[in-house]
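Asker: Mind folding the following:
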Amino acid sequence: MFWSVMSTLSGRGATENAASARFNLPQRAADGDWLDMREEVDGAPPPLRTSVTVEKPKTILTRNQSPDVPFERSVNPYRGCEHGCIYCFARPSHAYHDLSPGLDFETKLFAKPDAPALLRAELAKPGYVCKPIAFGTNTDPYQPIEREWRITRGCIEVLAEHDHPLTITTKSDRVCRDLDLLAPMAAKGLVGVMLSVTSLDPKVARTVEPRAPHPEKRLAAVRRLADAGVPVFVSISPVIPMITDHELEHLIERAAQAGAKAAFFIPVRLPHEVAPLFRAWLDTHFPDRAGKVMATIQSLRGGRDNDPNFGSRMRGQGVWADLLRTRFHIACRRHGLGGERFNVRTDLFRPPRGAQGELFG
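Answerer: Purely as a prediction, here's the structure:
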């Protein structure tokens, strides 16, 4: 059943839960029963609870062939993300489960508890070639449910045991929980971590990323990681015109002060169902500038809400994109942030012995 919520729900990012038109998902039609009057009778939409469904995949490694993405393989311990970032490009993937990319994406999550065992089996396959494995490329590996499920940690334990390189992208300071694993790996040149910080304004952050940790907690995590010897980077992504773009220089300054090795940014992307969700969010939270925001985004995206083309989708185009790049590079030079990238070793890898026997025995 799908419904629309046109008012804001506390702690949630999307303002609606419309079905995906791309996959012809069912839409509940009003038929006159009491459920159709629920909000009128109760005075508010029903509270949304987070549910977690166990998923049993046969494999855990995802291969990437996009030429503008700097990794070839990744692990995603979870589907959906409770952080609720309104701009999340992974939202459309929920439609494949006959669920809405809106509120369902934030509240109906999937966990893969077999991921560590599947990963060990993958590493033990004959002919396996070691290449860095990226975490956090789709949904956040340290979202709140990781506290109980600990699937991300289980996967890192497998990689640490066999000196396999990895990279992590997250919005959560929970990554510091695993410093006992990450610091020794970093000493061997096996890990890099990227923290995403999009705004230093708590009110903006709470609206854009309602269940992600406070920006100051993320910057504190950058400092803790750096002090522990873990190469740490800051992603100022996405930059949202008229809402967060004015913070670009200050974010770079704070990243440098926290010990980041480098910073990166991407202008906001609005693929598929993300565009209408973002528009509805703008109308709710920033009605005074919604039209200007979308006009600027379209100027960055060749006149459309989204540019899907490899290369340009990450950089943007036109005057606004050029201005953002210029401001970014000047600020990085001023604060001593270089253009370093994740650089992890692959030559220390030791394949598991008997892993398949352990998994299937």
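
Asker: which helix of this structure spans the most residues?
Answerer: helix 318-334 (DSSP state H).

Asker: same for that one, what does it pack against?
Answerer: helix 248-258, strand 263-267, helix 290-300 (3 or more Cβ pairs under 8 Å, 6 or more residues apart in numbering; DSSP states H and E). (Each C-beta comes from the backbone N, C-alpha and C, glycine too.)

Asker: Single out the most deeply packed of these.
Answerer: Mean neighbour count (mean count of other Cβ atoms under 10 Å) peaks for strand 263-267 among the helices and strands packed on helix 318-334, with a mean of 21.

Asker: what's the angle from the longest helix of the chain to strand 263-267?
Answerer: 170 degrees (axes from the mean of the first three to the mean of the last three Cα atoms, to 10 degrees).

Asker: List the contacts of helix 318-334.
Answerer: For helix 318-334, contacts defined as Cβ atoms under 8 Å, 6 or more residues apart in numbering pick out 236, 239, 241, 245, 248-249, 252-253, 262-263, 265, 267, 296, 299-300, 302, 315-316, 338-339.

Asker: between it and helix 290-300, how big is the angle?
Answerer: 80 degrees.

Asker: Which one of the helices and strands packed on helix 318-334 lies nearest to residue 132?
Answerer: Nearest of the helices and strands packed on helix 318-334 to residue 132, taken as Cβ to Cβ: strand 263-267 at 16.6 Å.

Asker: Now do the longest helix of the chain, average pLDDT.
Answerer: Average pLDDT, helix 318-334: 96.

Asker: So which residues of the stretch 101-250 of the chain form helices?
Answerer: 103-107, 115-123, 146-149, 151-161, 179-187, 202-208, 215-227, 248-258 (DSSP state H, counting those that start in this stretch).

Asker: for those helices, which one ends up most surrounded?
Answerer: Comparing those by mean neighbour count (mean count of other Cβ under 10 Å), helix 103-107 ranks first with a mean of 26.

Asker: So residue 346, which state does it fall into?
Answerer: Recorded secondary structure, residue 346: coil (DSSP: H, G, I helix; E, B strand; the rest coil).

Asker: What pLDDT does the model give residue 152?
Answerer: For residue 152, the model assigns a pLDDT of 98.

Asker: let me fix that: residue 95
Answerer: If you check residue 95, the pLDDT there is 86.

Asker: can you give me phi and psi for it?
Answerer: With angles defined as degrees, to the nearest 10, residue 95 sits at phi -60, psi -30.

Asker: if I look at residue 188, how far off is residue 182?
Answerer: According to Cβ to Cβ, to the nearest Å, residue 188 stands 11 Å off from residue 182.

Asker: before we move on, what about residue 169?
Answerer: Taken as Cβ to Cβ, the span from residue 169 to residue 182 is 14 Å.

Asker: what touches both of those two?
Answerer: By Cβ under 8 Å, 6+ apart, the residues touching both residue 169 and residue 182 are residue 193.

Asker: Do me a favour and get the backbone dihedrals for residue 273.
Answerer: The phi/psi pair for residue 273 (degrees, to the nearest 10) reads phi -70, psi -10.

Asker: ok, it - how many residues close by?
Answerer: Residue 273 has 24 neighbours, counted by other Cβ atoms under 10 Å.

Asker: so it sits right up against residue 90, yeah?
Answerer: No: at 10.9 Å, residue 273 does not count as touching residue 90 under the criterion of Cβ atoms under 8 Å.

Asker: ok, back up a step: of all the helices and strands packed on helix 318-334, which one is nearest residue 346?
Answerer: Nearest of these to residue 346, taken as Cβ to Cβ: strand 263-267 at 22.4 Å.

Asker: Can you tell me which helices and strands the closest one packs against?
Answerer: Packed against strand 263-267 by the contact rule (3+ Cβ pairs under 8 Å, 6+ apart) you find strand 232-239, helix 248-258, helix 312-315, helix 318-334.

Asker: how about these in JSON lines, adding distance to residue 80?
Answerer: Formatted as JSON lines, those follow (distance: least, Cβ to Cβ, whole Å):
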{"stretch": "strand 232-239", "distance to residue 80": "19"}
{"stretch": "helix 248-258", "distance to residue 80": "27"}
{"stretch": "helix 312-315", "distance to residue 80": "23"}
{"stretch": "helix 318-334", "distance to residue 80": "30"}
